[in-house]
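In: no sequence on this one, just coordinates:
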């Protein structure tokens with residue numbers, strides 16, 4: 001049986017000589033000289049850092065307005081994490097992706113942090129229309145930005161905006177190299193192209209765009225980057241483990257504590273669980289029961305929940321608080337196990353058993 005023909009080589013070409021992009025600058029005019037030198041062809045995909053689009057559109061804020069800008073850009077807050085002294089909000093932005101700090105970025109932005117465009121697909125479309133009209137070549141355009149991935153260390157570029165690109169390639173119904181049917185494979189081609197382009201551009205190189213050539217069927221369809229975000233009902237991980245339990249315990253977003261990005265000592269996590277459990281649910285009043293740790297000769301100190309008195313209402317309150325504590329402790333154990341901590345309920349006058 002003859003071997004199938006080798007696919008054409010994929011090449012990535014840096015787009016150089018742009019210089020610093022200023023507010024109001026025509027990006028089509030800025031990109032044209034370097035693109036013409038690369039002799040673009042049908043099927044090429046131009047990957048452009050979203051940052052230069054933000055610069056051209058004047059999407060910047062004063063440094064002291066950064067946190068407010070992040071809050072205003074957030075469709076919803078997924079999590080908050082403390083890194084040294086800086087709290088980072090992980091939020092969903094209007095165009096769909098979930099990103100740290102709403103993608104607000106201060107790198108290579110000496111005049112103030114840059115915001116992402118609200119509709120990157122529309123920006124990609126506008127840029128592509130101008131370039132295709134000037135070049136006479138139906139290339140594709142991606143707007144890219146750096147992002148981290150769930151369960152992966154480090155960052156890579158992803159596509160935030162897409163025009164004229166088969167951002168998703170549905171391979172279902174085809175076959176693998178051994179003839180087995182493909183039933184679930186949908187390739188995120190846009191992110192693969194963005195990552196490839198980032199190998200020749202990036203924050204430190206001063207090269208904000210790259211042309212990717214030779215990817216089969218890269219421009220065979222026109223799929224917006226908005227289709228790449230698994231949010232809404234399709235979101236498998238709408239909130240991280242801690243935040244999910246805090247929501248179930250009735251905490252409002254403004255009541256949620258902030259966990260650290262780095263590993264936290266067990267006692268710090270236990271203290272946070274006790275604080276979370278003590279927050280009243282909704283409009284309920286604070287529990288009349290009291291909570292304390294008692295000393296132990298070995299193992300973790302037991303947690304004692306003492307009812308205010310021996311009435312039925314007081315006992316119910318104490319039992320409810322004890323269960324909230326157990327739930328909050330279990331949430332803290334999801335990331336890294338905590339030692340088993342006894343939670344005891346006492347009424348006034350009960351004799352404590354030494355631990």
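Out: Now that the structure is in, tell me what you want to look at. As the structure is a prediction and not an experimental result, all values here were calculated from the model.
In: Is it correct that residue 277 falls within a strand?
Out: No - counting by DSSP: H, G, I helix; E, B strand; the rest coil, residue 277 is not found in a strand; it is helix.
In: List the contacts of it.
Out: Each residue near residue 277 by C-beta atoms under 8 Å, 6 or more residues apart in numbering is listed here: 249, 291, 321, 324-325, 327-328. Every residue, glycine included, has its C-beta placed from N, CA and C.
In: how near is it to residue 80?
Out: Residue 277 is 19 Å from residue 80, where distance means C-beta to C-beta, to the nearest Å.
In: Likewise for residue 151?
Out: Applying C-beta to C-beta, the value for residue 151 to residue 80 is 19 Å.
In: of those two, who's got more company?
Out: Higher neighbour count among residue 151 and residue 80: residue 80, with 16 against 6, using other C-beta atoms under 10 Å.
In: Touching, that one and residue 253? I think so.
Out: No - between residue 80 and residue 253 there is no contact under C-beta atoms under 8 Å: 9.2 Å.
In: Show me where the stretch 1-150 of the chain has its strands.
Out: 11-15, 45-49, 76-83, 86-92, 98-100, 140-148 (DSSP state E, counting those that start in this stretch).
In: can you tell which of those is closest to residue 267?
Out: Nearest to residue 267, of all the strands of the stretch 1-150 of the chain, is strand 76-83, at 16.6 Å by C-beta to C-beta.
In: so where is the stretch 251-355 of the chain shaky, pLDDT-wise?
Out: Applying pLDDT under 70 to the stretch 251-355 of the chain picks out residues 351-355.
In: what about the strands in it?
Out: 259-260, 290-293, 303-306, 343-346.
In: Can you say which of those is packed in most?
Out: strand 303-306 (a mean of 21; mean count of other C-beta atoms under 10 Å).
In: for that strand, packing partners?
Out: strand 290-293, helix 312-335, strand 343-346 (3 or more C-beta pairs under 8 Å, 6 or more residues apart in numbering; DSSP states H and E).
In: so what strands line up beside that strand?
Out: Next to strand 303-306 in the sheet, as set by DSSP bridges, lie strand 290-293 (antiparallel), strand 343-346 (parallel).
In: which residues touch that strand?
Out: The contact list for strand 303-306 (C-beta under 8 Å, 6+ apart) reads 274, 289-294, 318, 321-322, 325, 341-348, 352.
In: same question, stretch 236-249
Out: Stretch 236-249 is contacted from outside by 78-79, 150, 230, 256, 259, 276-277, 279, 281, 324, 327-328, 330-332, 334-335, using C-beta under 8 Å, 6+ apart.
In: can you check stretch 62-73 too?
Out: Outside stretch 62-73, the residues within contact range by C-beta under 8 Å, 6+ apart are 61, 89, 91, 93-94, 101-104, 106, 112-113, 115-116.
In: For it, what is the distance to the chain centroid?
Out: 17 Å (C-alpha atoms, centre = their mean, to the nearest Å).
In: Check which residues of that stretch are buried.
Out: Of the residues in stretch 62-73, 66, 69-70, 73 count as buried by neighbour count, 16 or more other C-beta atoms under 10 Å.
In: Enumerate the positions of the helix or strand of the chain with the lowest mean pLDDT that are buried.
Out: Least confident helix or strand, the chain: strand 168-170 with a mean of 84, by mean pLDDT, DSSP states H and E. Under the neighbour-count criterion of 16+ other C-beta under 10 Å, strand 168-170 has 168-169 buried.
In: now stretch 241-258
Out: Of all the residues in stretch 241-258, those buried under the rule 16+ other C-beta under 10 Å are 242-243, 245-246, 249, 251, 256.
In: Out of the strands paired with strand 303-306, flag the one nearest residue 39.
Out: Closest approach to residue 39 among those is made by strand 343-346 (71.4 Å; C-beta to C-beta).
In: which residues sit against that closest one?
Out: Strand 343-346 is contacted by residues 302-307, 315, 318-319, 322, 325-326, 329, 352 when judged by C-beta under 8 Å, 6+ apart.
In: Apply 10 Å and report the result again.
Out: 277, 289-292, 294, 302-307, 315, 318-319, 321-326, 329, 350, 352-353, 355 (C-beta atoms under 10 Å, 6 or more residues apart in numbering).
In: State the distance from residue 227 to residue 197.
Out: 20 Å.
In: Before I go, just wanted to say thanks for your time.
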